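[1] would you be able to build a 3D model of this:
(2 chains)
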Amino acid sequence: MLFGGVHVRDNKSLACDKPTEVLPEPSELHISTKQASGKPAVPCVEVGQRVKEGQLIAKADGVISSNVFAGMAGVVKEIVDLPAASGAEETFIVISSDGSKEKEWLTPLSDPTAESILARIGEAGIVGMGGAGFPAAVKDAPKCKVDTLILNGAECEPYLTCDHRLMIEHTDDIVRGARYIAKALGGVQIVIGIELNKPDCIAAFEPYDDVKVVALAKRYPMGSEKHLIYSTTGRKVRLGKLPADAGVIVHNVGTAYAVCQAVELGKPLYERELTVSGKAVKEPKNLWVKVGASVADIIAYCGGEESAPVKAVIGGPMTGTAVASYDEYVGKTTGGILLMTAEEADTKAPTPCLNCGKCADVCPMHLMPMQTAFYSNAGDFETAAKLGGTMSCIECGACEYVCPARRPLIQAIRKTKAAMRAKKN
Amino acid sequence: MDNNIVISTPPHVKSPRTTKGIMLDVLIALAPAAIAGMVFFGWQALVVIITAMISAVAAEFVYYFIYNGGFKAKCANAGAVCKKWLAQFDFTSAVTGLILALILPSTAEWYEVAIGAVFAIVIVKMLFGGTGKNLVNPAAAGRVMMFLSFAITTYVAANFEPISLDSQLFTGATALSGSILGGNPDAHMEWIDLFFGTGLAGCIGETCKLALIIGYIYLVVRGVIKWWQPLLYIVLSAFLSVCLAATAEGATFDISLMMDYALSGGLMFGAIFMATDYVTSPKGVYGQIVYYVILAVLTSLLRFYTKIEVVSFVIMLVNLIVPLIDRYVVRRPFGYAKQVKAKEGK
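    Residues are numbered from 1 along each chain as shown, chains lettered A, B, ... in the order given. Just a heads-up that it's a prediction; the model follows:
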């Protein structure tokens, strides 16, 4: 392996054999209008208005934004600003169920063309399901010539198994979705990269002649866009460039599945699969969850807490957000909810840095995290960014994972990035 | 959900390795060399090792105790400071003490050893900010200070029999200064003796190369050091020494001498346990390559011209230029492309 990376105890066995269940419809949904990177959507419903399942409730504001849909039929109870998991305030549209189950989906595309598929991906509010939440329609209209579509089935985050289940349970839908995306891109070849710890997924994709399956070494962060491209095609994405500049578009398998549903059934994106795991939750599960469902409802459906958790995480353990309460709501990009015990989540206090250089050895971007930490601690953000290469950091967390002194490296990196961006503007 | 929940930036899982664990690994890796030293040099070696380790740890404790106000307000919070010290104790001072003992001859007096250990910990390490902040390897600096202050140059030959007080001690130059560098063919040692350290004059931990190699393998297997680091230093330094020796009058280029250079003196011990010290070696891989090459060049040059054992000096000297190496030997990020600079005047 040329780029570093770490072996992480993945704990995927907690949930990887659990067939996906559907979370029963909750009584209320809190749907954030910020479901994609970029600007939040603008609400287009009023308080007291009746909505149907799949109805547009907030319109995308500009290009880098995505449409938001109601997850169930009911009444718009209120539109409020609440702090989200990240700590920033977001506008939430609260829908309370009326039990009518009425649906209003888009019309299925009977004869999909490149243009109509692209339009549908935008209309249906599809974003990157891997976590970044970049609007898929923007990705699929690249400015350069693209010859390969890579499906990201690496799922290198420990604990998370929702992509694993999706790849086994909906193999054909994913392949059809990928074909639609490939068609929108002008008939490119399809490659899927899957880590070797999921042999059943690799076997599931083997029968498709038009999909090239690449088995990847189990190494974090294999699913990072740049490293997945390098591992599957041998191409390097230059710093500051997009994958399209290397002739590649990367989509998560979940995104391909959502595209298939939007094209064939006209179903907009208001539901996603996620993993509830960790040793502090009674029954780890893979669930289909409506966007806007509360973490409290989901935990309750999974049997509640096994023991008092030390950390509650939304997302994966390497990049997710630790939250203080269960009053958080699922978004389009939420891949997991983890309740971790003291044994799993290391909360030891940091000790002095030894300059051992392990963080630099594992850095997939070949940076020097210890330099960033050292200089940013001293308030010299410019040197921190220059010697540490901080602005190229993908915040995968491999450096902090491996640090024997438990230094808060990601925190230092985020601080440096924020300071440098503030200086630029 | 209760209030004991922890909020932090990701990642939320960490590797099981800690600083404490790594330092324990180093102590374990040093154990074969220490045991071999005790077998060869008897109870005197044991006294040196124990004195050095206790003085080092005690010096760190006393410094920490005073610095954190253990004596303030009539020692009111002395207990709390002790608890705090125990919580942060990571074996680094024990490692320093043991390394210092192993690069001393067994003839060193106990008070000399204690002074050296206290100097290494207090002056070289703690005054610069403690663990992770020292500029030079504390053990190397302590050894150099003792060399200059107490003129410790007499070495005892290692024996398989524990040396008793009334038996005659063979003292003299090391194999390095006697035969290889001094041109004294009578003192020439067989490779097998150099390897096992039998009948060889030298420092406590440096003579038995077999024990050092066991320690090296342990450190590599546990991932504490990278396998190529000591090898680069030892092989390059031995090769350069052979080249330099060939420049002397009447000498021929004899590649088989490489083994003698590699196995002699403190080179192997220094390369495995002292040069690889995290704190005082460069952070990046390219910087590390530069560092070991400079070490090797300086070691062979100084060995050739001074005819004394120089490894501790060289390690200390090169430690001082590590910040420069870190600053100017940098890595290129993944996907780096050379920026095409816009020509001036456009």
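
[2] quick one: mean pLDDT over stretch B:327-342.
    In this model, stretch B:327-342 has a mean pLDDT of 76.

[3] determine the longest helix present in the chain.
    I'll assume chain A. helix A:409-424 (DSSP state H).

[4] look at chain B instead
    helix B:43-67.

[5] mind listing what's buried in that one?
    Neighbour-count burial for helix B:43-67 flags B:44-49, B:51-53, B:55-61, B:63-65 (criterion: 16 or more other Cβ atoms under 10 Å in any protein chain shown). Bear in mind the C-beta positions are built from the backbone N, C-alpha and C, glycine included.

[6] now do that helix: which elements does it pack against?
    Counting contacts by 3 or more Cβ pairs under 8 Å, 6 or more residues apart in numbering or on different chains; DSSP states H and E, helix B:43-67 is packed against helix B:19-41, helix B:78-88, helix B:92-102, helix B:110-118.

[7] the longest one to helix B:92-102, inter-axis angle?
    Calculated by axes from the mean of the first three to the mean of the last three Cα atoms, to 10 degrees, helix B:19-41 forms an angle of 20 degrees with helix B:92-102.

[8] and helix B:19-41, is it in reach of chain A?
    Yes. Helix B:19-41 lies within reach of chain A by Cβ under 8 Å from any Cβ of the partner chain, at B:19, B:21-22.

[9] give the buried residues for that helix.
    Of all the residues in helix B:19-41, those buried under the rule 16+ other Cβ under 10 Å are B:19-20, B:22-26, B:29-30, B:32-34, B:36-41.

[10] which helix or which strand is home to B:Asp193?
    Applying DSSP states H and E as the criterion places B:Asp193 in helix B:191-196.

[11] picking up where we left off before, got the angle for the longest helix of chain B vs helix B:110-118?
    Angle between the axes of helix B:43-67 and helix B:110-118 is 40 degrees (criterion: the same axes, to 10 degrees).

[12] any idea of the mean pLDDT for helix B:43-67?
    For helix B:43-67, mean pLDDT rounds to 94.

[13] may I have the helix or strand just after it exported as PDB, CA atoms only?
    Using DSSP H and E, the helix or strand that follows helix B:43-67 in sequence is helix B:72-75. Provided in PDB are the C-alpha atoms of helix B:72-75 (Å, rounded to 0.1, in the frame of the first residue of the first chain):
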ATOM      1  CA  LYS B  72       3.900  24.900  49.200                       C
ATOM      2  CA  ALA B  73       1.600  25.600  52.100                       C
ATOM      3  CA  LYS B  74       3.500  23.300  54.400                       C
ATOM      4  CA  CYS B  75       3.200  20.300  52.000                       C
END
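
[14] now tell me what touches helix B:72-75 from outside.
    Counting contacts by Cβ atoms under 8 Å, 6 or more residues apart in numbering or on different chains, no residue outside helix B:72-75 touches it.

[15] chain center to it, what's the gap?
    Taking Cα atoms, centre = their mean, to the nearest Å, one finds helix B:72-75 lying 38 Å from the centre of the chain it belongs to.

[16] you'd agree B:Phe147 is up against B:Ser312?
    Yes. Look at B:Phe147 against B:Ser312 with Cβ atoms under 8 Å: they come within range, at 7.5 Å.

[17] quick one, what contacts the closest residue to chain A within the stretch 101-250 of chain B?
    With Cβ to the nearest Cβ, the shortest gap between the stretch 101-250 of chain B and chain A falls at B:Gly132, namely 3.9 Å. By Cβ under 8 Å, 6+ apart, the contact list for B:Gly132 reads A:352-355, A:405, B:279.

[18] and for A:Lys415?
    Counting by Cβ under 8 Å, 6+ apart, A:Lys415 touches A:376, A:381.

[19] quick one on the thing from earlier: next, the buried residues of the helix holding B:Asp193.
    By neighbour count, with 16+ other Cβ under 10 Å as the criterion, the buried positions of helix B:191-196 are B:193-196.

[20] stretch B:125-143 now?
    Applying 16+ other Cβ under 10 Å to stretch B:125-143 flags B:125-126, B:130-132, B:134-143 as buried.

[21] show me where the stretch 101-250 of chain B has its helices.
    For the stretch 101-250 of chain B, the helices defined by DSSP state H, counting those that start in this stretch occupy B:110-118, B:138-150, B:175, B:191-196, B:209-221, B:228-246.

[22] which residues of chain B score low on pLDDT?
    Within chain B, the stretches with pLDDT under 70 are B:1-3, B:152-190, B:199-200, B:338-346.

[23] name the SS class of A:Cys173, please.
    Heads up, residue A:173 is Asp, not Cys. Following DSSP: H, G, I helix; E, B strand; the rest coil, A:Asp173 is assigned to helix.

[24] got the angle for the host helix or strand of B:Val314 vs helix B:92-102?
    Per DSSP H and E: B:Val314 is located in helix B:311-320. Helix B:311-320 runs at 140 degrees relative to helix B:92-102, counting by the same axes, to 10 degrees.

[25] angle of helix B:311-320 against helix B:138-150?
    Interaxial angle of helix B:311-320 relative to helix B:138-150 (the same axes, to 10 degrees): 130 degrees.

[26] other SSEs contacting helix B:311-320?
    Here helix B:311-320 touches helix B:138-150, helix B:285-306, going by 3+ Cβ pairs under 8 Å, 6+ apart.

[27] so of the ones you listed, which one's packed in deepest?
    helix B:138-150 (a mean of 23; mean count of other Cβ atoms under 10 Å in any protein chain shown).

[28] would that helix count as contacting chain A?
    No. On the criterion Cβ under 8 Å from any Cβ, helix B:138-150 is out of touch with chain A, staying 13.4 Å away.

[29] so what touches that helix?
    For helix B:138-150, contacts defined as Cβ under 8 Å, 6+ apart pick out B:96, B:99-100, B:103-104, B:108-109, B:112-113, B:115-117, B:119-121, B:123-125, B:152-153, B:270, B:274, B:312-313, B:315-316, B:319.

[30] can you do 6 Å?
    Outside of helix B:138-150, the residues within contact range by Cβ atoms under 6 Å, 6 or more residues apart in numbering or on different chains are B:96, B:99-100, B:103, B:112, B:116, B:119-120, B:124-125, B:152, B:274, B:312-313, B:315-316.

[31] check stretch B:100-107 too.
    For stretch B:100-107, the surrounding residues in contact (Cβ under 6 Å, 6+ apart) are B:33, B:41, B:44-45, B:48-49, B:52, B:117, B:120, B:139, B:142-143, B:154-156, B:203-205.

[32] what do you get if the cut-off is 7 Å, keeping everything else the same?
    Residues from elsewhere that reach stretch B:100-107 (Cβ atoms under 7 Å, 6 or more residues apart in numbering or on different chains): B:30, B:33-34, B:37, B:41, B:44-45, B:48-49, B:52-53, B:113, B:116-117, B:120, B:139, B:142-143, B:152, B:154-156, B:203-206, B:266, B:269, B:312.

[33] swap in stretch A:78-93?
    Stretch A:78-93 has contacts (Cβ under 7 Å, 6+ apart) with A:30-34, A:40, A:43, A:45, A:47, A:57-58, A:76, A:94, A:314, A:321, A:323, A:328.

[34] show the average pLDDT along it.
    89.

[35] next: stretch A:26-36.
    Across stretch A:26-36, the average pLDDT comes to 91.

[36] quick check: buried residues in it?
    By neighbour count on 16+ other Cβ under 10 Å, the buried set for stretch A:26-36 is A:26, A:28-36.

[37] ends of it, what's the gap?
    This stretch, stretch A:26-36, spans 23 Å end to end (Cα to Cα, to the nearest Å).
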